[in-house]
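Undergrad: Got a predicted structure plus its sequence, pasted below:
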Amino acid sequence: MNGAASYSGDGLRDDVADPASVAEPGDWFEGMPGRRFRVALPPRLLLLNSNQRLHHHRRAELTKVLRRAAWAASRGVPHLDRVHIIGVLHPADRQRRDPANWYPSFKACVDGLVDQGVLDDDDHTRVVGPDMRIGHAVAGARLVLHIREIPPQGASEQGK
């Protein structure tokens with residue numbers, strides 16, 4: 001990977017000694033051009049699921065925590081014009097899951113990237129995804145965003 005970001009605090013505790021030590025099954029963007037960044041949220045955050053029926057105040061609280069955690073975890077990621085994001089849910093166990101159900105959590109995280117200044121906005125002209133995947137099980141569960149910069153069109157021909 002060309003870049004990395006890590007979580008550094010803000011009242012949330014990461015019990016994993018080194019978040020980068022959580023191995024990923026290969027490179028999600030293998031063979032694709034562009035810089036890559038990994039933004040790992042701390043484990044044990046309460047996540048939003050499309051199947052939950054929460055009071056709107058509770059939902060807003062959880063969204064704020066996820067957004068703030070992504071903001072903090074993306075420190076050090078430079079400003080990017082266009083990106084492809086793969087969101088990986090690392091569950092606490094090996095039960096079967098539908099990763100798309102966690103879209104509200106991933107959406108809050110992408111909003112955190114915008115808050116941090118990594119992206120100007122998260123509209124369709126700047127962001128492809130987030131494509132949701134299930135990763136390997138980890139203690140406490142966690143979300144990880146894999147971000148690939150999409151080079152401007154014609155950038156590959158400029159190097160020729």
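TA: Okay, I see it. Numbering: from 1, shown residues only.
Undergrad: now the helices: where do they sit in this structure?
TA: Assigned by DSSP state H, the chain shows helices spanning 56-73, 103-116, 155-158.
Undergrad: What is the least confident helix or strand in this structure?
TA: Of all helical and strand segments in the chain, the minimum by mean pLDDT, DSSP states H and E falls on helix 155-158, at a mean of 53.
Undergrad: need the contact list for Phe106.
TA: 85, 87, 130, 132, 143, 145 (Cβ atoms under 8 Å, 6 or more residues apart in numbering). (Glycine included, C-beta is placed from N, CA and C.)
Undergrad: Could you rerun that using 7 Å?
TA: 87, 130, 132, 143 (Cβ atoms under 7 Å, 6 or more residues apart in numbering).
Undergrad: Quick check, the first one in contact with Ile147.
TA: Same thing as Gly87. No. At 9.8 Å, Gly87 does not count as touching Ile147 under the criterion of Cβ atoms under 7 Å.
Undergrad: and the two? which has more neighbours close in?
TA: The residue with more neighbours, out of Gly87 and Ile147, is Ile147; 29 against 24, by other Cβ atoms under 10 Å.
Undergrad: Check whether Leu41 really touches Ala141, as I assumed.
TA: No. Assessed by Cβ under 7 Å, Leu41 is found out of contact with Ala141, at 9.9 Å.
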